[in-house]
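**Q** okay, structure incoming, though there's no sequence with it:
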């Protein structure tokens, strides 16, 4: 099993991604969800996931700030966002995927 968390400020996006994971990715175990970047940082520290689904625009923060708390992350990141303008920046973080 791949332990994963979702960090997204929109509950409908968290819920939709959770349903998609349950239906199409049985090898992914969702161990937590966070609605803000500070909450997400704490969740990652607590759960030590292998995979983080991360929104780019989170209320008062950009998801990229996650890497300030984890400069050498031991997890992979899949950005999930409605904003294509951040794709190049995401690629530079060596993200696993960028979902629009």
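**A** Arrived safely, thanks for sending. Here the structure is a predicted model, which means the values were calculated and not measured. Residues are numbered from 1 along each chain as shown.

**Q** if we ignore the residues flanking it in sequence, what's nearest residue 47?
**A** Distances taken as Cβ to Cβ, 6 or more residues apart in numbering put residue 31 closest to residue 47, at 4.7 Å, once the chain neighbours are dropped. To be clear about C-beta, it is placed using only N, CA and C from the backbone, and glycine gets the same treatment.

**Q** contacts for whichever strand or helix holds the one you found next, please.
**A** Assessed by DSSP states H and E, residue 31 sits inside strand 28-34. For strand 28-34, the external contacting residues (Cβ atoms under 8 Å, 6 or more residues apart in numbering) are 1-8, 14, 18, 21-22, 40, 42-43, 46-47, 49, 51.

**Q** can you flag the buried ones in these?
**A** 3-8, 14, 21, 40, 43, 47, 49, 51 (16 or more other Cβ atoms under 10 Å).

**Q** mark which of those residues are part of strands, please.
**A** Among these, the ones falling in strands (DSSP state E) are 3-7, 51.

**Q** what residues are up against the residue of the chain positioned farthest from its centre?
**A** Ranked by distance from the centre of the chain (Cα atoms, centre = their mean), the top residue is residue 23, with 18.4 Å. Not one residue lies near residue 23 by Cβ under 8 Å, 6+ apart.

**Q** got the angle between the longest helix along the chain and strand 28-34?
**A** The helix that spans the most residues within the chain, counting by DSSP state H, is helix 11-24. Put simply, helix 11-24 runs at 170 degrees to strand 28-34, going by axes from the mean of the first three to the mean of the last three Cα atoms, to 10 degrees.

**Q** can we start the residue count at 7 from this point?
**A** Done: numbering now begins at 7, and the last item shifts to helix 17-30.

**Q** average pLDDT across stretch 82-93?
**A** Regarding stretch 82-93, the rounded mean pLDDT is 79.

**Q** roughly how far apart are residue 10 and residue 90?
**A** Separation of residue 10 from residue 90 (Cβ to Cβ, to the nearest Å): 23 Å.

**Q** for residue 66, same thing?
**A** 21 Å.

**Q** residue 59 too?
**A** 17 Å.

**Q** show me the contacts for residue 83.
**A** 57-60, 72, 99, 101-102 are the contacts of residue 83 under Cβ under 8 Å, 6+ apart.
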